[in-house]
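A.B. asks: pasting the sequence and the predicted model now:
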Amino acid sequence: MEQHGDDSRVNKLCVVGLVCLILPILGLLLEVLLPAGGNKVVATISFIFQLMYIAGLVIMIGVRVKYPSNVFGKVLMWLHIIVGVIFLIILIAAIVMCAVVINGCMSCMDDFLSGRCDFIFWNFYK
């Protein structure tokens, strides 16, 4: 088992892993900018990009296990960790925003059902 980390083959593998990390992020932006509502091409490309992220993660783990002293592999690992943390922060923020919106709708529904609703259109139907 080779242990030196300056092998150009390992660096090429890390470049492939980096591309597999960056392209899914661009694919996610593509999906946000061009919603896949009925467009199977955008949905398929987005799915392929997400599979590429998993492949990049496997490549990074393989490089870190086989060549632990490779600096590019370490940087790739930290990039994966940073992307994962950002994803978790965005996920938690989305969950909190949904909870706030649902709570706001429920309090409005309570006012609506009790007759204390101050909506302009509600006054027309009283």
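C.D. replies: Yep, it's here.
A.B. asks: which SSE is the residue nearest the centre of the chain in?
C.D. replies: Within the chain, one residue has its C-alpha closest to the average C-alpha position: by CA atoms, centre = their mean, that is residue 87, at 4.9 Å. In this structure, residue 87 is located in helix 71-114 according to DSSP states H and E.
A.B. asks: for that helix, the averaged confidence score.
C.D. replies: For helix 71-114, the per-residue pLDDT values average out at 85.
A.B. asks: and what of stretch 49-65?
C.D. replies: 92.
A.B. asks: tell me how far the ends of stretch 62-74 are from each other?
C.D. replies: End-to-end distance for stretch 62-74, by CA to CA, to the nearest Å: 12 Å.
A.B. asks: which ones are touching residue 10?
C.D. replies: With contacts taken as CB atoms under 8 Å, 6 or more residues apart in numbering, residue 10 has the following neighbours: 63, 67, 70, 72-73. (C-beta placed from N, C-alpha, C; glycine too.)
A.B. asks: rerun that using 6 Å as the cut-off
C.D. replies: 67, 70 (CB atoms under 6 Å, 6 or more residues apart in numbering).
A.B. asks: buried ones in the helix or strand hosting it?
C.D. replies: Using DSSP H and E, residue 10 sits in helix 8-33. Using 16 or more other CB atoms under 10 Å as the test for burial, helix 8-33 gives 10-11, 13-14, 17-18, 20-24, 27, 31.
A.B. asks: could those go into a markdown table alongside distance to residue 98 and pLDDT?
C.D. replies: As requested, the buried residues of helix 8-33 are arranged in a markdown table below (distance: CB to CB, whole Å; pLDDT from 0 to 100):
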| residue | distance to residue 98 | pLDDT |
| --- | --- | --- |
| 10 | 43 | 91 |
| 11 | 43 | 90 |
| 13 | 40 | 92 |
| 14 | 38 | 92 |
| 17 | 33 | 93 |
| 18 | 33 | 94 |
| 20 | 30 | 93 |
| 21 | 28 | 91 |
| 22 | 29 | 92 |
| 23 | 29 | 89 |
| 24 | 24 | 88 |
| 27 | 24 | 79 |
| 31 | 19 | 75 |
